[in-house]
Every structure is written in C-alpha cells, then in structure tokens.
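Novice: Okay, sequence plus prediction incoming.
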Amino acid sequence: MSTKKLIAIDLDGTLLNNEGQVSEETKEVITEIRNQGHKVVIATGRHTMSAIPIAEQLALTDSIVCFNGALVMNMEKNQAKLVHSFVQQELKKLIALVKEWGYGYITSTQNSYHIESQYRHLIDLFGKIGIKVEESDSLENLAHPILKTSIIGTEEELNQIERFVQPTIPHLGVVRSGEESIDIMNREASKGVALQWLANHYQVKQEDTISFGNYYNDISMFQYAGTGVAVDNAPDQVKQQADIITASNEENGVAQFLEEHLLGSVYARA
C-alpha cells in the first residue's frame, strides 16, 4: 500500500499490555510500518516525560501527543508545536469543591507535576522517570500554564461526581481518561484536534489517518480519523464509536491490525 498513513496510537490499555510494556512483536510491526514510510505517533493522556521513553523504545522521532492532546511536541527538536493550556485561576471554584468533597487532584504543567500531600508517595515514582514534582495543597502560587488537572478517585466515586464537574467549569473541558481519573483541560484540547493538526502538518488526508484507543479520551480521535480502531478491552460505549474492533491490548491488537491491513499478511504470534 503506497499511500502514506498517519497512525496515532494511545498507550495505556491500547499499545501497552497490562504490565505497561510494549511486546517485541508490536515493536517489530511498528518498525516495519515506519520502514514503509508511514508516520506513527503516540497520542496519550500521560505527561510528556513518561511518554517519551516509550516513543524512544519504538525509535519514534517525529511528534508526540501528550496530556490528551493539550500538547503536541516535536521530539527531534524538543519543541512544543501545539499547546492548549489554562491558568490556575480558572480552576479555583472546582478545586474548592473537590476539597469539600474530599477528593484529591494532580496538576500537570509541561515540565512538572504539582501534587497534594496525600500523593507524597508518588514523588519517587515520578522522579524515576525524570519528572519534576512539587508538593503543594494549593495552586495559588502556580505561575506556569496548566495542561491538565486530574481528579483522582475510585471508578464508583468518580461516577458519582462526574455530573457535577462540567457545570462547575463550563469554560474548560472534561474527559475520562481512566477508571480512576477525570481530566480537566482547555476546551480546545483533545486527541482528535491534535490528530487533525498533525494530519495537516504532515500533509496526510483525513481518510489516510488511523487511530487506536481504548477509552473515552480516545473517542475524539475515532471521530476524526479515517479509520478509528478500538481494542477489544475497551468499554462497549467506546467500541461503539470506533469503525473497527481489533484484539485486546494483551493480544497485541494494534500489531494485529497493522500487520493485516497495512503489511498485507495475517499477524501470527510467536
């Protein structure tokens, strides 16, 4: 297939297995896909510093989409190319309610995390992957633009409060990116918007874009992409928004689809 494709792939629950690893089979398929001239980019809700090591494992050298699309970065030049941020004052009302409800939050800027004291145990974890962490129970003194703030809780807890979040901050966007977090972002930010920007940047037609995902924050990519592919472990409501369902993240679903549809042969596990 000679037409160049732009392929955007979510990480957790999609490209990565349940141990957070990329299988050797998947690495091999992505290498061959890139050798054929297709563009492959990671599109994740993660902080840039925790996504870059995985991109490097796959020898990806172009762009990376992080914070659910709030940042598109050129990896080669280490430059932010598209940024949708907001400031702490815009969160003031919501943070007051979050504290009243008894929930915690983690705020991400381009170069650091800002966490409450109850998440002190995460400082070492984030530090190991090179992310600066500042402990703070208030955002009042945060001078840097915010790319994402995550409200943390159990799935049941978040289901109870989710309906109150968006009306509290109608000027910002809200998306579920995992079972234990609700993400607050600039209303203009989404993985779909980032994918559209990259398609224009790389001069790839919309019909030649492919996106892979497993959760609600991936739906905007499905809606823009010429082909939206959900892995089988995705919730049914997410699958309904995709064009095609592939095998689960534990079964190398991304590699199976790419092998069959772009490399022209049926993927066989070793």
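Specialist: In hand now; what should we look at? Numbers count the residues shown, from 1 in each chain.

Novice: Domain parsing of the protein, as residue ranges.
Specialist: What the record gives for the chain is the domain set 6-83+189-261, 88-186, from automatic domain parsing.

Novice: Out of the ones you listed, indicate the one that is most buried.
Specialist: Most buried of those by mean neighbour count (mean count of other CB atoms under 10 Å) is domain 6-83+189-261; its value is a mean of 20. Any C-beta I mention is one placed from the backbone N, CA and C, and that applies to glycine too.

Novice: Might one say that Q166 is in contact with V174?
Specialist: Yes: counting by CB atoms under 8 Å, V174 is a contact partner of Q166 at 4.7 Å.

Novice: Now L263. Nearest residue, chain neighbours left out?
Specialist: Of all residues beyond its chain neighbours, the one nearest L263 is E32 (6.1 Å), with distances taken as CB to CB, 6 or more residues apart in numbering.

Novice: after the helix or strand that contains that neighbour, next one along is what?
Specialist: Using DSSP states H and E, E32 falls within helix 24-35. Helices and strands here follow DSSP H and E; after helix 24-35, the next one along the chain is strand 39-43.

Novice: Give me the mean pLDDT for that next one.
Specialist: Strand 39-43 shows a mean pLDDT of 97.

Novice: What pairs with it, parallel or antiparallel?
Specialist: Its sheet considered, strand 39-43 pairs with strand 6-9 (parallel), strand 63-66 (parallel) by DSSP bridges.

Novice: relative orientation of it and helix 24-35 in degrees?
Specialist: 130 degrees (axes from the mean of the first three to the mean of the last three CA atoms, to 10 degrees).

Novice: before we move on, the earlier item: mean pLDDT lowest where, among the domains of the chain?
Specialist: Among those, domain 88-186 carries the lowest mean pLDDT (a mean of 86).

Novice: Start and end of it, how far apart?
Specialist: 12 Å (CA to CA, to the nearest Å).

Novice: and it, how far from the chain's centre?
Specialist: For domain 88-186, the gap between its own C-alpha mean and the chain's C-alpha mean amounts to 16 Å (CA atoms, centre = their mean, to the nearest Å).

Novice: now swap in stretch 82-91 and tell me
Specialist: Distance of stretch 82-91 from its chain centroid, counting by CA atoms, centre = their mean, is 17 Å.

Novice: before we move on, the earlier item: what sits up against the helix holding E32?
Specialist: Helix 24-35 is contacted by residues 7, 15, 40, 57-60, 252, 254-255, 258-259, 262-263, 267, 269-270 when judged by CB atoms under 8 Å, 6 or more residues apart in numbering.

Novice: Quick check: the gap between the residue nearest the centre of the chain and Y215.
Specialist: The centre of the chain sits closest to T44, judged by CA atoms, centre = their mean, with a distance of 1.8 Å. In this view, T44 and Y215 are 11 Å apart by CB to CB, to the nearest Å.

Novice: what pairs with the residue nearest to T48 when sequence neighbours are not counted across the strands?
Specialist: Of all residues not flanking T48 in the chain, C66 sits nearest, at 4.5 Å (CB to CB, 6+ apart). For C66, the beta-bridge partners are L71 (DSSP bridges).

Novice: Would you agree C66 is in contact with V41?
Specialist: No: in this structure C66 lies outside contact range of V41 using CB under 8 Å: 10.6 Å.

Novice: and A270, what pLDDT?
Specialist: pLDDT for A270: 38.
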